[in-house]
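Novice: turn this into a structure:
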Amino acid sequence: MAKVATGLDQFVEKFWKRFRGQSLALLANQASIDHNLRNARDAISTLLPGQLKILFGPQHGFRGEDQDNMVETQDYLDPQLNIPVFSLYGNKIDSLSDILDPIDLLIIDLQDVGTRVYTFITTLLYCLKEAAKAGKRVLILDRPNPLGGAIVEGNLLRPEFYSLVGAFALPMRHGMTMGELAYLFKDAFKIDCDITILPLKDWRRHMLWKDTGLRWIMPSPNMPLLETASVYPGQVIWEGTNISEGRGTCRPFEIFGAPFINPSIIKKGLAFRDIEGCYLQEYYFRPTFNKWKGKLCGGFMIHVSDPNIYRPYRTSLALLKIIIETYRDEFAWRKPPYEYDFERLPIDLIFGDSSIRVNLEEGKDIEELLEYCSKELEDFLESRRPYLIYKG
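Specialist: The predicted model follows:
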């Protein structure tokens, strides 16, 4: 058995007996596995035959089959269990409370990646609100934050920028598990819902994914490796620009660039402190889909050499700043729509604060931008304390 036992592992080992005779719904996907690589659907339906009535999938689908943003998975009938499978991505979640009517308990088992903009967090919040509206109980099978729970980065989301990629005032790298976020959301949004967290066993806040002994199963099509998750809190910002974030390559987010970028020029302009803990390999690539499809792009592949000192948000912010300054005529912010928001700039939704974009456009120093975040992070670390389940 893995060094760390997930909430699903705990459920399978002994807690399943508490739920005999109840009608169950499950929100999960292909990464919702136990230590034997068995999916939560199969584990639960084997232990509690006939009790699973509904399956839900987050963005990309229950099976993780759908690419990119604003691509909705079709509902279907599960061929093994002969029960409906609903996608909760997009506008479908608004009817969730009605769909939950015949069930007693909603089980949530999703692998987050530790970054605010990953939509699974918002899906969790919506599910808690809808379960409360329907008067249903929720059981969350917790999973590790792959980036650990000790380090946080970035500015806090402003309420005026709440969206599918940011539903609460979290920093970009939040350092919390889904179970801890559920406790925070319940209190912050005054959600009147019976929530039970089945916690991890033997996980500590300082632990990165490599310390858990667990196998990485990609939680979404563009999150293939642990290395992807490691750079994502910074590299996701390219989604708000005309720079390719590497979609259409085999290593999205690790690889990034554009046809107009000369990587050697960019690299020379970076300060050493901006790329600590990683190596920027000059890289050329042709995306097979998404931005710059079929075009030769110059850029980099990020290799994380020391995750303890590497700061993805700082690194990508520094890269963004120098690319803006070097290629003012070619660089552009992506226009709406983005994640079902048709009015606000995608980069403002990603940053969760339009002043970051404005300061970059005005050439503000990276240190000044990061100082802007530091006090907020101190406040966040203090405010999240009551909701933490795991020690250092």
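Novice: what residue ranges in this structure score low on pLDDT?
Specialist: Within the chain, the set of residues satisfying pLDDT under 70 comprises 1-2, 91-92.
Novice: which residues does the most centrally placed residue in it contact?
Specialist: Taking Cα atoms, centre = their mean as the criterion, Tyr118 is the residue nearest the geometric centre of the chain, at 2.7 Å. Neighbour list for Tyr118: 112, 165, 232 [criterion: Cβ atoms under 8 Å, 6 or more residues apart in numbering]. Placement of C-beta: from N, CA and C, glycine included.
Novice: which residue packs closest to Arg137, ignoring adjacent ones?
Specialist: What sits nearest to Arg137 in space, not counting adjacent residues and going by Cβ to Cβ, 6 or more residues apart in numbering, is Asp194, at 4.3 Å.
Novice: count the neighbours of the one you found for me.
Specialist: Asp194 sits with 13 neighbouring residues when counted by other Cβ atoms under 10 Å.
Novice: state the phi and psi torsions of it.
Specialist: Dihedral angles of Asp194 (phi, psi; degrees, to the nearest 10) stand at phi -80, psi 100.
Novice: test my guess that it contacts Leu139.
Specialist: No - using Cβ atoms under 8 Å, Asp194 makes no contact with Leu139, being 9.4 Å away.
Novice: name the secondary structure element that contains the residue nearest to the centre of the chain.
Specialist: Element membership of Tyr118, judged by DSSP states H and E, is empty: it is in no helix or strand.
Novice: just use 619 as the starting number from now, easier for me
Specialist: Happy to do that; since the first residue is 619 now, the last one works out to Tyr736.
Novice: quick one, phi/psi of it?
Specialist: Per degrees, to the nearest 10, the backbone of Tyr736 is at phi -70, psi 120.
Novice: tell me the spacing between Asp693 and Gly679.
Specialist: Shown here: Asp693 relative to Gly679, a distance of 10 Å by Cβ to Cβ, to the nearest Å.
Novice: the residue nearest to Gln685 when sequence neighbours are not counted: neighbour count?
Specialist: Once flanking residues are discounted, Gln685 sits nearest to Pro839: 5.2 Å by Cβ to Cβ, 6+ apart. Counted by other Cβ under 10 Å, the residues lying close to Pro839 total 18.
Novice: what's the answer for Trp634, then?
Specialist: Should you count by other Cβ under 10 Å, Trp634 turns out to have 16 residues around it.
Novice: those helices in the stretch 769-918 of the chain, which residues are they?
Specialist: Assigned helices in the stretch 769-918 of the chain, in chain order: 796-806, 844-853, 881-886 (criterion: DSSP state H, counting those that start in this stretch).
Novice: which of these sits closest to Arg638?
Specialist: Set against Arg638 and scored by Cβ to Cβ, the helices of the stretch 769-918 of the chain come closest in helix 796-806, at 23.1 Å.
Novice: so how far is Asn647 from the residue nearest to Gln685?
Specialist: In terms of Cβ to Cβ, Pro839 sits 11 Å off from Asn647.
Novice: now Tyr945
Specialist: Using Cβ to Cβ, which is the criterion applied here, Tyr945 is 38 Å from Asn647.
Novice: more neighbours: those two, which one.
Specialist: Using other Cβ under 10 Å as the criterion, Tyr945 and Asn647 rank with Asn647 on top: 28 against 18.
Novice: count the neighbours of the spatially closest residue to the more buried one that is not a sequence neighbour for me.
Specialist: Spatially, and ignoring its direct neighbours in sequence, Asn647 is nearest to Gly682 (5.2 Å; Cβ to Cβ, 6+ apart). Other residues lying near Gly682 total 21 when counted by other Cβ under 10 Å.
Novice: Gly682 contacts Pro837, correct?
Specialist: Yes - taking Cβ under 8 Å as the contact criterion, Gly682 and Pro837 are neighbours in contact, 7.4 Å apart.
Novice: give me the common contacts of the two.
Specialist: By the contact definition Cβ under 8 Å, 6+ apart, Gly682 and Pro837 are jointly contacted by 647-649.
Novice: domain map for this structure?
Specialist: Each domain of the chain is listed here as a residue range: 625-838, 844-979, per automatic domain parsing.
Novice: including distance to Lys1009, could the ones you listed go into CSV?
Specialist: Conversion of the domains of the chain to CSV gives the following (distance: least, Cβ to Cβ, whole Å):
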stretch, distance to Lys1009
domain 625-838, 6
domain 844-979, 19
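Novice: quick one: closest of the ones you listed to Tyr990.
Specialist: So among the domains of the chain, domain 625-838 is nearest, using Cβ to Cβ, at 6.7 Å.
Novice: how long is that closest one end to end?
Specialist: For domain 625-838, the separation between the terminal residues is 20 Å (Cα to Cα, to the nearest Å).
Novice: with stretch 820-831 instead?
Specialist: End-to-end distance of stretch 820-831 (Cα to Cα): 11 Å.
Novice: hmm, who's touching it?
Specialist: Taking contacts as Cβ under 8 Å, 6+ apart, the residues outside stretch 820-831 that touch it are 620-623, 762, 764-768, 793, 834, 844, 847, 925, 1006, 1008-1010.
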